[in-house]
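Peer 1: Let's see this in three dimensions:
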Amino acid sequence: MGKLIGIDLGTTNSCVAFMENGEPTIIPNAEGGRTTPSVVAFTKNGERLVGQAAKRQMVANASRTISSVKREMGTDWRVNIDGKNYAPQEISAMVLQKLKADAESYLGEAVTDAVITVPAYFTDAQRQATKDAGRIAGLNVQRIINEPTSAALAYGIDKEAPQKIMVYDLGGGTFDVSILDISQDVIQVLATAGNNHLGGDDFDQCVTKYLVEEFKRTEKIDLIPDHMAMQRVREAAEKAKIELSSATAATINLPFLAQGADGPKHMELTLTRAKFDDLTRHLVEATTGPVRQAMQDAGLGANEISKVLMVGGSSRIPAVQAEVKRMTGKEPFRGINPDECVALGACIQGGVLSGSVKSLLLIDVTPLSLGVETVGNVFTRIIERNTALPVQRSQIFSTAANFQTSVEINVLQGEREVASYNKSLGKFRLEGIRRAMRGVPQIEVTFSIDANGIVNVSAKDLATNRQQQITISGSSNMSQAEIDQAMRDAEMYAEEDKRKKEAQAQKDAAESLLSQAKRTQKKMKSPDKEKLTEAIRALEDALKREDDWAVKNASDDLKILLEAAGQYVDNGAAENDDGSFDV
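Peer 2: I've put the predicted structure just below:
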């Protein structure tokens, strides 16, 4: 077996490390840098550039240069270069190939295996896409590991005192926050939350927008149609952001940026830290929700957090550090390099897998709940978010119609109570179910998530032992907008979801009551039979009109008549007698 490396495949920059004499060590790239820009370019003569060489020519070749592709992982995004469509996995694989080649040159031996990091809030599709990128690059991906967890490994491998830490990871394109418990040789993730579309790129965009608007105001020229000018402004915005992490003002000077009626126009202005903070305040505030969510899910208060580790280049922004201190009451811990610690942790995990690092146990969690769609568009959770990995959970379901011989299993990921508001990861059908009345068949649905966060789902008819299963693949393509909104939507629409779920439960109960009343109706004689018939019609009419209030009133009236006849039995609608649910 060749050498195993740890890779931080970042939105803006990537980094690679290996274990040397028991210590994690950064591998410099061919240009001598400790990090490599995650940029790929195609020159007009067909040459492919990766890393610093690609970034250097972005201004002159903006339309054929691809950056921040990590934000598109797991989606159907494509870029067309010279008639060929490239998927995000292919572009990412080009970055990984350079990291692999640089590592092999530095180590003097073949590199075959890797541990690759992903944002903690990456979905199953995005994790699969990352794993595929590694495979395309010629790497055997031994493990996909969450970035905050990896940073905690780099911090906590030599720590003896038990402690609970927060990892605040604000990278180029994503934001994650994780709460971890470090105790002797065990690092356990207690909770994780985040936003897959919040990062340094968004801070750059705010500054870029401001610069463009100021130029238009003073020079009456719109730079947006000029791709080359816009790339120069974006680079200047990024440099100003970095400079303002240590200075109170940054000077932006871009000569010959545009051509006006009276000659060339230059951009010359000073951006103060106060103005930068004002432009990006909403982005800093957007990190507070996931922080509160993670602490709530972990069941910890700010006073129970020992340290806050700042990870990712954008965590250096002074306003970000001030917000972290305000939320936690702790000074951000600066004892690790935010650009390198994720790669260092990844190679430590590689050392655990290869056996070179002894007596270290890492317990990670799944970021979003997983379950299936049940009757009435209800999302039934089988694995709750922040469940430790690897994990396997099963639940018994049943049929929704009499003599049903097959069921469709719709696998969902998300936090909404209404199934259609979550992301479908895949569907499969279980055939050959034994014919029986609704609620009688026993169908066991089993979810398993491996240490990489990859999902497998199976369904088995316990009477016939017929079974089907699905491994969720990266083709499920969860969009960025969907996953970014998953947690926020759950909170925003919680009341609406609750109402819809209650309405469906009431409808199920009413239909069960109707079935019971019609059986009783056949045994009864006038005049009680006529009263019962009228009540049945009233409930059927209310259900047809989908009038929740009328359904409740008609159900109550029908129950009274059945109770008077001594025939009412509360069977429950949402749950069968044996504890199973209708699917």
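Peer 1: which stretches of this protein aren't confidently modelled?
Peer 2: Under the criterion of pLDDT under 70, the regions of the chain flagged as low confidence span 1-2, 157-160, 359, 470-501, 526, 567-583.
Peer 1: biggest strand in it by residues?
Peer 2: For the chain, the longest strand by residue count, based on DSSP state E, is strand 249-260.
Peer 1: Could you spell out the sheet neighbours of the following helix or strand past that strand, each with its direction?
Peer 2: Sequence-wise, the next helix or strand beyond strand 249-260 is strand 263-272, with elements assigned using DSSP states H and E. Using DSSP bridges, the neighbouring strands of strand 263-272 in the sheet come out as strand 249-260 (antiparallel).
Peer 1: thinking again about what came up before, going by neighbour count, which residues in the longest strand of the chain are buried?
Peer 2: With burial defined by 16 or more other C-beta atoms under 10 Å, the residues of strand 249-260 counted as buried are 250, 252, 254, 257-258. To be clear about C-beta, it is placed using only N, CA and C from the backbone, and glycine gets the same treatment.
Peer 1: Make sure Glu235 is actually in contact with Gln57.
Peer 2: No. Between Glu235 and Gln57 no contact is recorded; they are 11.7 Å apart, counting by C-beta atoms under 8 Å.
Peer 1: Show the secondary-structure elements that the helix or strand containing Leu425 is packed against.
Peer 2: With elements delineated by DSSP H and E, Leu425 resides in strand 423-430, which encompasses its position. Identification of packing neighbours for strand 423-430 by 3 or more C-beta pairs under 8 Å, 6 or more residues apart in numbering; DSSP states H and E yields strand 407-413, strand 455-461, strand 467-471, helix 480-492.
Peer 1: which residues in the stretch 251-400 of the chain form helices?
Peer 2: If you assign secondary structure with DSSP state H, counting those that start in this stretch, the helices in the stretch 251-400 of the chain sit at 273-286, 288-298, 318-328, 341-354.
Peer 1: next one: the stretch 51-200 of the chain
Peer 2: Counting by DSSP H, counting those that start in this stretch, one finds helices in the stretch 51-200 of the chain at the ranges 52-56, 88-107, 124-136, 147-156, 200-219.
Peer 1: any idea which of those is most buried?
Peer 2: Comparing these by mean neighbour count (mean count of other C-beta atoms under 10 Å), helix 147-156 ranks first with a mean of 28.
Peer 1: List of residues touching it?
Peer 2: Outside of helix 147-156, the residues that reach it under the criterion C-beta atoms under 8 Å, 6 or more residues apart in numbering are 6, 8, 24, 117-120, 165, 167, 169, 171, 176-178, 180, 182, 187, 189, 192, 309, 311, 333, 335-336, 341-346, 348-349, 360, 362, 364.
Peer 1: could you redo the last one with a cut-off of 7 Å?
Peer 2: Applying C-beta atoms under 7 Å, 6 or more residues apart in numbering, the contact partners of helix 147-156 are 24, 117-120, 165, 167, 169, 176, 178, 180, 182, 187, 189, 192, 309, 311, 336, 341-342, 344-346, 348-349, 362, 364.
Peer 1: Restricted to strands, list these.
Peer 2: Under the assignment DSSP E, the contacts of helix 147-156 contribute 24, 117-118, 165, 167, 169, 176, 178, 180, 182, 187, 189, 192, 309, 311, 362 to strands.
Peer 1: May I ask which two of those are separated the most?
Peer 2: Farthest-apart pair in the ones in strands among the contacts of helix 147-156 is Pro24 and Thr192; separation 22.4 Å (C-beta to C-beta).
Peer 1: higher neighbour count, those two?
Peer 2: Set side by side, Pro24 and Thr192 give different neighbour counts by other C-beta atoms under 10 Å, the larger being at Thr192 (30 against 24).
Peer 1: ok, that one to Val342 distance?
Peer 2: According to C-beta to C-beta, to the nearest Å, Thr192 stands 15 Å off from Val342.
Peer 1: what's the answer for Val391, then?
Peer 2: Applying C-beta to C-beta, the value for Val391 to Val342 is 24 Å.
Peer 1: In the helix or strand hosting Ala542, which residues are buried?
Peer 2: In this structure, Ala542 is located in helix 528-545 according to DSSP H and E. Under the neighbour-count criterion of 16+ other C-beta under 10 Å, helix 528-545 has 532, 535-536, 538-539, 542-543 buried.
Peer 1: outside of that helix, which residues touch it?
Peer 2: Counting by C-beta under 7 Å, 6+ apart, helix 528-545 makes contact with 507, 510, 514, 517-518, 520-521, 524, 550-551, 554-555, 557-558, 561, 565, all of which sit outside it.
Peer 1: Check stretch 266-276 too.
Peer 2: 207, 211, 214-215, 240, 244, 248-257, 318.
Peer 1: give me that answer again for 6 Å
Peer 2: Counting by C-beta atoms under 6 Å, 6 or more residues apart in numbering, the neighbours of stretch 266-276 from elsewhere in the structure are 215, 240, 244, 248-255, 257.
Peer 1: Can you tell me the strand partners of the strand holding Leu425 and which way each runs?
Peer 2: Here strand 423-430 is paired, per DSSP bridges, with strand 407-413 (antiparallel).
Peer 1: How about residues contacting the strand it pairs with?
Peer 2: When contacts are defined by C-beta under 6 Å, 6+ apart, strand 407-413 is touched by residues 368, 370-373, 379, 419, 422-430, 457, 459, 583.
Peer 1: Next: stretch 374-386.
Peer 2: Residues outside stretch 374-386 that contact it (C-beta under 6 Å, 6+ apart) are 191, 297, 365, 368-372, 393, 395, 400, 412, 417-420, 422, 447, 504, 581-583.
Peer 1: If any of those are buried, put those into a ChimeraX selection.
Peer 2: Paste this into ChimeraX to select the buried members of these, with burial taken from 16+ other C-beta under 10 Å:
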select :191,297,365,368,369,370,371,372,393,395,400,412,417,418,419,422,447,504,581,582,583
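Peer 1: ok, Asn21 - how many residues close by?
Peer 2: Applying the criterion other C-beta under 10 Å, we find 6 residues in the vicinity of Asn21.
Peer 1: ok, now the one 10 residues further on?
Peer 2: Counted with other C-beta under 10 Å, residues neighbouring Glu31 total 11.
Peer 1: Name the nearest residue to Ala554, ignoring sequence neighbours.
Peer 2: Leaving aside its chain neighbours, Ala554 sits nearest to Leu539 (3.9 Å; criterion: C-beta to C-beta, 6 or more residues apart in numbering).
Peer 1: how close does the one you found sit to Ala550?
Peer 2: 9 Å.
Peer 1: again, but for Gly350
Peer 2: Counting by C-beta to C-beta, the separation of Gly350 from Ala550 is 63 Å.
Peer 1: quick one: which of these two has more around it?
Peer 2: Each of Gly350 and Ala550 has its neighbours counted (other C-beta under 10 Å); Gly350 has more, 27 against 15.
Peer 1: thought the more buried one was touching Ala114?
Peer 2: No. The criterion here is C-beta atoms under 6 Å, and Gly350 misses it with Ala114 at 7.3 Å.
Peer 1: Which helix runs longest in the protein?
Peer 2: Taking DSSP state H as the criterion, the chain has its longest helix at helix 494-521.
Peer 1: got the buried residues for that helix?
Peer 2: Residues of helix 494-521 classed as buried by neighbour count (16+ other C-beta under 10 Å): 497, 500-501, 504-514, 516-517, 520-521.
Peer 1: Against which helices or strands is it packed?
Peer 2: helix 528-545, helix 548-564 (3 or more C-beta pairs under 6 Å, 6 or more residues apart in numbering; DSSP states H and E).
Peer 1: Having no further points to raise, I will conclude here.
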